[in-house]
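Student: This is a predicted model, with the sequence first.
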Amino acid sequence: MKKVYINYRGKEIPVTEPTIDVWKQVYKTKDMIDMKEVSLNLVSASTGIRKKDLNESEWFEIVEVANFLLEYYDNIETKFIETFEFEGKTYKFSNLDKISFGLFIDIDTFLKRPEVEKIDNLHYYMALLY
């Protein structure tokens with residue numbers, strides 16, 4: 001990710017690499033609020049600056065950073081990863097043709113939950129699949 005900064009109280013604050021947690025915070029509210037609030041949420045989550053304090057910054061910079069981050073999210077690699085290692089342990093995607101009936105029910109029940117709940121519990125969904 002290229003270096004992006006926002007000027008805040010005379011300082012250049014770096015915009016950090018978006019994380020899943022940042023994505024969850026913003027995505028949960030994207031359909032409920034206007035673009036200004038989405039922009040403030042996204043920049044706040046990516047810089048650590050409170051939304052209230054961002055209102056003191058140049059609005060053009062906030063929009064510019066928010067647009068950069070939204071474009072970044074849209075262009076993130078979406079290649080399927082069958083196996084990965086995390087904290088010394090290897091995880092492999094489940095063979096969906098051979099999962100147990102209980103796991104099928106767990107996945108099906110999870111997918112029927114409200115969108116906000118699914119976003120909040122993305123880690124649980126990944127645990128079911130890997």
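Tutor: All right, it came through fine.
Student: For Thr83, grab phi and psi.
Tutor: phi -140, psi 140 (degrees, to the nearest 10).
Student: hang on, isn't it packed against Tyr91?
Tutor: Yes. Counting by C-beta atoms under 8 Å, Tyr91 is a contact partner of Thr83 at 6.9 Å. Bear in mind the C-beta positions are built from the backbone N, C-alpha and C, glycine included.
Student: Those two: which is more packed in?
Tutor: Between Thr83 and Tyr91, counted using other C-beta atoms under 10 Å, the more crowded position is Tyr91 (15 against 9).
Student: Work out for me the element the more buried one sits within.
Tutor: Using DSSP states H and E, Tyr91 sits in strand 89-92.
Student: right, and the helix or strand after that strand?
Tutor: Helices and strands here follow DSSP H and E; after strand 89-92, the next one along the chain is helix 101-111.
Student: pLDDT averaged over that next one - what is it?
Tutor: Here helix 101-111 scores 95 as its mean pLDDT.
Student: and if you look at stretch 12-28?
Tutor: 74.
Student: Now do the end-to-end distance for stretch 47-62.
Tutor: End-to-end distance of stretch 47-62 (C-alpha to C-alpha, to the nearest Å): 11 Å.
Student: For the host helix or strand of Asn67, name the packing helices and strands.
Tutor: Assessed by DSSP H and E, Asn67 sits inside helix 59-74. Helix 59-74 sits against strand 5-8, helix 35-47, with contacts defined as 3 or more C-beta pairs under 8 Å, 6 or more residues apart in numbering; DSSP states H and E.
Student: Please identify the most buried of these.
Tutor: For the helices and strands packed on helix 59-74, the largest average neighbour count (mean count of other C-beta atoms under 10 Å) is found in helix 35-47, namely a mean of 20.
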